[in-house]
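>>> test case, fold it:
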Amino acid sequence: MLGLLAALRNPTLLRIARPSVVTRSVDVMRILTVCTSTNVFGAEVVTLKMLDGFQRAGHEQLAITSIWTDGEFNRRLARLGIPEVRLPFGALSRRLAPQPMWWTINTLVRLPWLWIGWSRLVRRFKPDVIILTSPRHAVVLYPFTGTKPSFLIEFTYLEPTRTRQVLYRVLARKVAGFIAVSEFMRKHTIKIGAPPEKVLVVKSAVFSVADKPRVEEECSRFPISIAGRLRVGIIGQISPHKGHGCLVDAIQLLGGKRCALDIYIFGTGDPKYISYLKERLTQLGLGNSFHWMGYETDTPRIYRDLDICVVPSSLGDPFPTVAMEAGAYGRPVIASRAGGLPEIVEHGLTGWLVEPNNPKDLAERIQGFIESPAAIEKMGKAARSRIFSQFTQEKMVRELEEIFRDVTPKHKKFCPAMHPNSSAV
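A predicted model of the protein is given here:
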């Protein structure tokens, strides 16, 4: 707390936020982005790619992160050369459990300092547009939202409870718009309470067009697949809704064919759930087939020893980055027909779609790759072509720029229903 007070009194902290005195091009915007930064998962990867794209386009930027972080997001921001200020953005929860209650108390106690810091930053930086990457940001900053055009990017699937529906109707009074990262999230954001005319779609991206030669060169150095064996990867947060249990059941159903499989689990999650999975694998005699790789920040290292990737999520993942990464690295994806996954994976062309929570369906598709290894290369090439043509940093940034320019004072008034990228219904 003392450190935060000292930082707010220290003008050098905010010096990076002062706008340039040089006359700016009419196409250059000042963009202030409030980032989720506690850990780096899919939403954070997309946020970093978005900020990098704005940087390349010449926009003036300031990133706001939380004082509660493992440091990885901050290190990546520093490598991109994007100015950063940390404020006490925390979590508010209604759960009556020790940890959520502690999060809420910490956040509420520091709320005055958050508001003081925020007011000073906005006053000094004078943003044209404010981007919020979590509904939590919109809630704690609600008293200040609306003074500048603000957009909430919807990265997270939230159950459409009555409380949230009321919350989103209230937020809609002040935000300029809600940006959904997929068509699935557009429909869900409307269901959760956002007015349809304020919801737009800009699909996420984790690669630029310029990344393609580098990715192809990295793939050329990957080890050749081992004849007679299939290397399967499941990547990301280890949680019940991500389908790890479904994958275990699918491997068990394969019987004797599971001897030809190596399953690589990348990521981290709840230690109790991980222990449960390991115990279950031991009980089923599958422990030797599953390899726990931990959290890996080097993307090529993840895909170098994989033949295919599975994303058997049981809930509505908005637009999973792992499906895009796997495709870019030429790995076919077997994914649930849920959330935004059907918008990434073309069934029968770049991979396969299976019903959520259906181990039998998943097992059959894995068996298909065991019996037809030639399909891996064919689908992998199609997947890479699709990712680098449909889901690029350039496309994502261009569409965001078009939306933001419509709300800046030097451009026309924003009207989602008339906007070319609007998906209002």
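
>>> which residues touch stretch 245-253?
Around stretch 245-253, the neighbours that count as contacts under CB atoms under 8 Å, 6 or more residues apart in numbering are 234, 258, 261, 263, 277, 280-281, 284, 286, 289-290, 310, 312, 314, 356-360, 362-363, 366. C-beta: built from backbone N, CA, C; applies to glycine.

>>> repeat the analysis, applying 10 Å as the threshold.
For stretch 245-253, the surrounding residues in contact (CB atoms under 10 Å, 6 or more residues apart in numbering) are 232, 234, 240, 243, 257-258, 261, 263, 265, 273, 276-277, 280-281, 284-286, 289-290, 310-314, 334, 336, 354, 356-367.

>>> list the buried residues for that stretch?
Under the neighbour-count criterion of 16 or more other CB atoms under 10 Å, stretch 245-253 has 245-253 buried.

>>> so which of those belong to helices?
When these are checked against helices (DSSP state H), the matches are 245-253.

>>> closest one to residue 298 out of those residues, please.
Nearest to residue 298 among these: residue 247, at 23.0 Å, using CB to CB.

>>> so how far is residue 169 from the closest one?
According to CB to CB, to the nearest Å, residue 247 and residue 169 sit 39 Å apart.

>>> what do you get for residue 405?
From residue 405 across to residue 169, the span is 27 Å (CB to CB).

>>> between the two, which one's more packed in?
Taking other CB atoms under 10 Å, residue 405 and residue 169 do not tie; residue 405 has more neighbours (17 against 13).

>>> and the next helix or strand past the least confident helix or strand in the chain by mean pLDDT?
Ranked by mean pLDDT, DSSP states H and E, the weakest helix or strand in the chain is helix 11-14, scoring a mean of 41. Using DSSP states H and E, the helix or strand that follows helix 11-14 towards the C-terminus is strand 30-34.

>>> can you list the strands that that following strand pairs with?
Its sheet considered, strand 30-34 pairs with strand 60-66 (parallel), strand 129-132 (parallel) by DSSP bridges.

>>> buried residues in the longest one?
Read it as strand 60-66. 60-66.

>>> same check, this time on stretch 277-290
Buried residues in stretch 277-290 (16+ other CB under 10 Å): 277, 280-281, 286, 289-290.

>>> kindly report the same for stretch 216-230.
For stretch 216-230, a neighbour-count test (16+ other CB under 10 Å) marks 218-219, 230 as buried.

>>> export those residues as a markdown table, with columns for distance to residue 211 and pLDDT.
Listed next are these as a markdown table, based on distance: CB to CB, whole Å; pLDDT from 0 to 100:
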| residue | distance to residue 211 | pLDDT |
| --- | --- | --- |
| 218 | 10 | 97 |
| 219 | 12 | 96 |
| 230 | 27 | 95 |
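
>>> quick one: which of those residues is nearest residue 53?
Closest to residue 53 out of those is residue 218 (21.1 Å), distances taken as CB to CB.

>>> ends of stretch 286-305, what's the gap?
20 Å (CA to CA, to the nearest Å).

>>> quick check: mean pLDDT across it?
Mean pLDDT, computed over stretch 286-305, is 95.

>>> centre of the chain to it, how far?
Taking CA atoms, centre = their mean, to the nearest Å, one finds the center of stretch 286-305 at 20 Å from the center of the full chain.

>>> same thing with stretch 249-265?
29 Å.

>>> repeat for stretch 200-207
On CA atoms, centre = their mean, the centre of stretch 200-207 falls 10 Å from that of its chain.

>>> again, but for stretch 219-239
On CA atoms, centre = their mean, the centre of stretch 219-239 falls 22 Å from the chain's centre.

>>> try stretch 43-59
Relative to the centre of its chain, stretch 43-59 is centred 13 Å away, using CA atoms, centre = their mean.

>>> got it, and stretch 301-310?
Using CA atoms, centre = their mean, the offset of stretch 301-310 from its chain centre is 20 Å.

>>> SS state for residue 360?
Secondary structure state of residue 360, per DSSP: H, G, I helix; E, B strand; the rest coil, is helix.

>>> what number of residues are in the vicinity of it?
Around residue 360 there are 11 residues (other CB under 10 Å).

>>> now the nearest residue to it once chain neighbours are set aside: how far from residue 320?
Leaving aside its sequence neighbours, residue 360 sits nearest to residue 253 (CB to CB, 6 or more residues apart in numbering; 6.2 Å). Distance of residue 253 to residue 320, computed by CB to CB: 24 Å.
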